[in-house]
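# All I have is the shape, not the residue letters:
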């Protein structure tokens, strides 16, 4: 994912990282303001979301559900990139927008389409959407052993269905780890059996 963050223009590097590791939706990123980021506490507070109407009008309001209003703790590894972005690209006032367009206007998803397509090609990645970055970040979050409610709190989901996807992914990974571990144990037992050091184990029982 850091390869993709490096493939976009510097102005949008923090956007890729915050989407991935902060589980933010596009509208939440577009509405994010400087006072929503606490670099010392490593948190981002989601309070608003921007919707782009068919007419081109940008409408800012609260997230669709109460769960959308949340505080997400960020990993230390991206804090330097966020600080660098705030110094160079964000609006200067505490209430200023974190992400703005190259001309200083409020950021639009439609304006990011070509930039994103070029970055995907440059990073030699299959066609993915910006929204897919949330899945990329939440999969390892689930693998840390996070509970379902904890994943729901990070992603802003109100139902368990979406968050459960990440838990299933983590379980699949856990099964793969267990399978490899089993093969290692089998090889170790086989070696001992060949040497006659210990009695063989079959199905967890000593023959």
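Ah, there it is. Owing to the predicted nature of the structure, the values given are computational and were not obtained by experimental measurement.
# how is this protein carved up into domains?
2-124, 128-207 (automatic domain parsing).
# Considering those domains, which stretch scores lowest in mean pLDDT?
Among the domains of the chain, domain 128-207 carries the lowest mean pLDDT, a mean of 62.
# Just the residues contacting the helix or strand containing residue 20, thanks.
Using DSSP states H and E, residue 20 sits within helix 13-22. Outside helix 13-22, the residues that touch it by Cβ atoms under 8 Å, 6 or more residues apart in numbering are 1-2, 4-6, 8, 24, 26, 29, 32, 44, 72, 74-75, 78, 81-82, 84-85, 89, 98-99, 130, 133-134, 136-137. No exception for glycine: its C-beta is placed from N, CA and C like everyone else's.
# quick one: the helices in the chain?
2-7, 13-22, 26-31, 79-88, 109-122, 132-143, 148-155, 160-195 (DSSP state H).
# For residue 118, see how far away residue 98 is.
To residue 118, residue 98 is 22 Å away according to Cβ to Cβ, to the nearest Å.
# Kindly report the same for residue 79.
Taking Cβ to Cβ, one finds residue 79 at 27 Å from residue 118.
# same deal with residue 76?
For residue 76, the distance to residue 118 - Cβ to Cβ - is 30 Å.
# go on, residue 20?
19 Å.
# who has more neighbours, the two?
The neighbour comparison of residue 20 against residue 118 (other Cβ atoms under 10 Å) goes to residue 20, with 24 against 13.
# Against residue 13, how distant is the more buried one?
Remark: distance between residue 20 and residue 13 (Cβ to Cβ) = 11 Å.
# same question, residue 45
Here residue 45 is placed at a distance of 21 Å from residue 13 (Cβ to Cβ).
# Neighbour count for these two, which is higher?
Neighbours per residue (other Cβ under 10 Å) separate residue 45 from residue 13, with residue 13 holding more: 22 against 15.
# What residue, apart from its backbone neighbours, is nearest residue 76 spatially?
Using Cβ to Cβ, 6 or more residues apart in numbering and skipping residues adjacent in sequence, the residue nearest residue 76 is residue 42, 6.5 Å away.
# So what's the residue count around that neighbour?
Neighbourhood size, residue 42 [other Cβ under 10 Å]: 15.
# what residues are up against it?
Residue 42 touches 73-76, 79, counting by Cβ under 8 Å, 6+ apart.
# swap in residue 68?
28, 46, 49, 62, 156.
# how close does it sit to residue 59?
With Cβ to Cβ as the criterion, residue 68 and residue 59 are 15 Å apart.
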